[in-house]
Each structure stands twice: as C-alpha cells, then as structure tokens.
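**Student:** Following is a predicted model, sequence given first.
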Amino acid sequence: VWPAAVYTFLEFIDRDQRRKDAPLEKKVLDCGAGGAKPPLGLFYNHGYEVHGIDISDDQIIKAKEFGAKHRMELHICKGDMRNIPFEDEFFSFVFEYYSICHLTKEDIQTAIKEMTRVLKKDGLLFLGFMSDESWPIFGEEKKSGEFWLSERDDDIVVHSVFTDDETDEYLAGFNIVWKEKRISWIGESYRDVSKDEWMEWYDKQPAMTRYSREDWSQMYEYRENKAMYTHIYYIARRPLDNQ
Ligand SMILES: C[S@@+](CC[C@H](N)C(=O)[O-])C[C@H]1O[C@@H](n2cnc3c(N)ncnc32)[C@H](O)[C@@H]1O
C-alpha cells in the first residue's frame, strides 16, 4: 500500500491525460525518492518510466533493495532537488512526497524552481506542504515556521510548516488544478509512551520553542487525540506560456 496522496496524483494524471488528444509521455520524476518503500513503485506498476533523486546514500540503498526485490527499474540516483541533474522539460510529471518539508522555506522555493525547470509545459506537479496544525512539532524555531531538530549528535532535521494562506504563493505562475488539506491522526504511536519518556523527549531537545515545559507536561493527557500530521497538497499545471 502506497501513501494515499500518491494514488491521488496517479489517478488525477490518468483522468487528465485520457481527455487529451496528445497525452504526454508517461515519464515521472520523484524528488526525495529514496527509502524502504519508494512511491515510484506505484508509477512503475502503472507503466511509467520512473526516475528519482535523493540526497542520502542510505535512502538510495534502501530504495534500490526494494526495486531489486520487486524487479522494478526505478532509476533512482543521487541528486539534490535544489539542483536537479536533468535537462529542462525532461519530465511530464514531477512530484515529491514528504520530502520538501525537510527543507528550509528558501530552499523549498529553490527546489520548486528546479522542479518547474525539468517539467514539460502542460505537465503536472504534485507537492505537499506540512501544515503548522501538525502536532507535535519538535525543535527550535529558527525562522518563522522552520523547526530545527537535532535527532542525533550531528544530524539536524528541519521541518518547515505553513499556514493555510502561505502556500499558494509558492505556486505562482502555475495553474492550481487541485488542492486538499488532509489530517492524519497518529495517536496510536503516542499511546504507550510513559510520562517519563514524554518529558525526556522535551528535555532532550535543547530548544523546543513551540511549547513551554509546563504546556508539554499537560499535553501528555490528551496526546492520543491531539497527535496528527496535517498536509496541504497541490496538483498544479505548468502553463503553456510559462517561461
Ligand atoms: C521522509 S523521507 C520520504 C522518502 C520518500 N519520499 C517516501 O515517501 O518514502 C524524505 C526524503 O527526502 C530526501 N531529501 C531531503 N533533502 C533532499 C534534497 N535536498 N534533495 C533530494 N532529496 C532530499 C531524504 O534523504 C529522504 O529520503
């Protein structure tokens, strides 16, 4: 089973392209494509030529293992979505799933410019922004909506979160053809956490700026009802006259 949002993109493309006299080539790029269950597998199963880039060697290895096990040619290589190693207008469809949320807001803008460059005119782009209604959000808020979390000693993970009115601007120049805000309740993963562990998480983060220690302590009681990922998803078309 793949993430629901990825099926949504595939279904949208299928419906959209069936209506066209000259459908685009079935060629798709995933930015941040690595990991144990690469979403490109879904497109592969539907007859697409699939390509992916990921910045992490470990994530690429996991995706390659998946591809080998299921005999899928996923074409995932090392690459940074802020500087995509493909020529202009190479892909009909470009997406990312759960990856741009790990970039700073400035880098998200750079990545979207790059995704636009490699996307054909009239092609479709799928993006997901993490909403600031997600809970909990760990880390130090270094800039508005950018949370920096030190997971291990030198391993920093960023989460960029957005308000509802903030995200449309990132798609200026595109025609937004679909937009959805989706809440995934994830209370189960917090059910068995003890109060001590709960407070330890807080104390391990040297600068957890979103909540005070006291608020965090009180949140323990209702963590199961409150825990959620919230995303704002977009499908957008690159206009024919887009430069
Ligand atoms: C949470 S994982 C999601 C992986 C995959 N999309 C999935 O749904 O299973 C985020 C991925 O984005 C990759 N990533 C982070 N920054 C990147 C960048 N600048 N360029 C390419 N990949 C990046 C990470 O290495 C990681 O594999």
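**Tutor:** Sure, I can see it.
**Student:** dump the residue contacts of the residue lying closest to residue 80 once chain neighbours are set aside.
**Tutor:** Nearest residue to residue 80 in three dimensions, chain neighbours excluded: residue 55, at 5.2 Å (CB to CB, 6 or more residues apart in numbering). C-beta coordinates here come from the backbone N, C-alpha and C atoms, glycine included. By CB atoms under 8 Å, 6 or more residues apart in numbering, the contact set of residue 55 is 32, 78-81.
**Student:** Out of those, list just those in strands.
**Tutor:** Judged by DSSP state E, strands contain the following of the contacts of residue 55: residue 78.
**Student:** what's the neighbour count on the residue in the chain that the ligand sits nearest to?
**Tutor:** Closest residue of the chain to the ligand, CB to the nearest ligand atom: residue 32 (3.0 Å). Using other CB atoms under 10 Å, residue 32 has 26 neighbouring residues.
**Student:** How about residue 60?
**Tutor:** Residue 60 has 22 neighbours, counted by other CB under 10 Å.
**Student:** Any regions of the protein where pLDDT drops low?
**Tutor:** Scanning the chain for pLDDT under 70 picks out 151-154, 206.
**Student:** Could you list the residues of it in contact with the ligand?
**Tutor:** Listed as neighbours of the ligand in the chain under the rule CB under 6 Å from any ligand atom: 31-35, 37, 39, 53-56, 59, 80-82, 97-99, 102.
**Student:** Provide the secondary structure category for the spatially most central residue of the chain.
**Tutor:** By CA atoms, centre = their mean, the chain has its centre lying nearest to residue 98, at 2.3 Å. Three-state call for residue 98 (DSSP: H, G, I helix; E, B strand; the rest coil): coil.
**Student:** Surely it is in contact with residue 32?
**Tutor:** Yes. Using CB atoms under 8 Å, residue 98 makes contact with residue 32 at a distance of 7.3 Å.
**Student:** returning to what we had before: what subset of the residues of the chain next to the ligand is buried?
**Tutor:** For the residues of the chain next to the ligand, a burial check counting by 16 or more other CB atoms under 10 Å picks out 31-35, 39, 53-55, 59, 80-82, 97-99.
**Student:** out of those residues, which one sits closest to residue 119?
**Tutor:** residue 31 (11.0 Å; CB to CB).
**Student:** Spell out the residue ranges of the strands in this protein.
**Tutor:** Listed in chain order, the strands of the chain (DSSP E) span 27-31, 49-54, 76-78, 91-95, 119-131, 140-143, 146-152, 155-162, 175-185, 228-237.
**Student:** Report the inter-axis angle for the second one versus strand 27-31.
**Tutor:** To tie it back to what came earlier, the one meant is strand 49-54. On the basis of axes from the mean of the first three to the mean of the last three CA atoms, to 10 degrees, strand 49-54 is oriented at 10 degrees to strand 27-31.
**Student:** Equivalent analysis for the longest one, please.
**Tutor:** With the same axes, to 10 degrees as the criterion, the two stretches strand 119-131 and strand 27-31 enclose an angle of 30 degrees.
**Student:** Can I get strand 119-131 in CSV? Just the C-alpha atoms.
**Tutor:** Taking C-alpha atoms only, strand 119-131 is exported to CSV below (Å, rounded to 0.1, in the frame of the first residue of the first chain):
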residue,chain,number,x,y,z
LEU,A,119,8.8,19.8,-16.1
LYS,A,120,7.3,20.0,-19.6
LYS,A,121,4.9,22.8,-20.3
ASP,A,122,1.3,21.5,-19.7
GLY,A,123,2.9,18.9,-17.3
LEU,A,124,1.7,18.3,-13.8
LEU,A,125,3.5,18.9,-10.5
PHE,A,126,2.5,17.4,-7.1
LEU,A,127,3.7,18.9,-3.8
GLY,A,128,2.8,18.5,-0.1
PHE,A,129,3.4,21.3,2.4
MET,A,130,3.4,20.4,6.1
SER,A,131,0.8,22.5,7.9
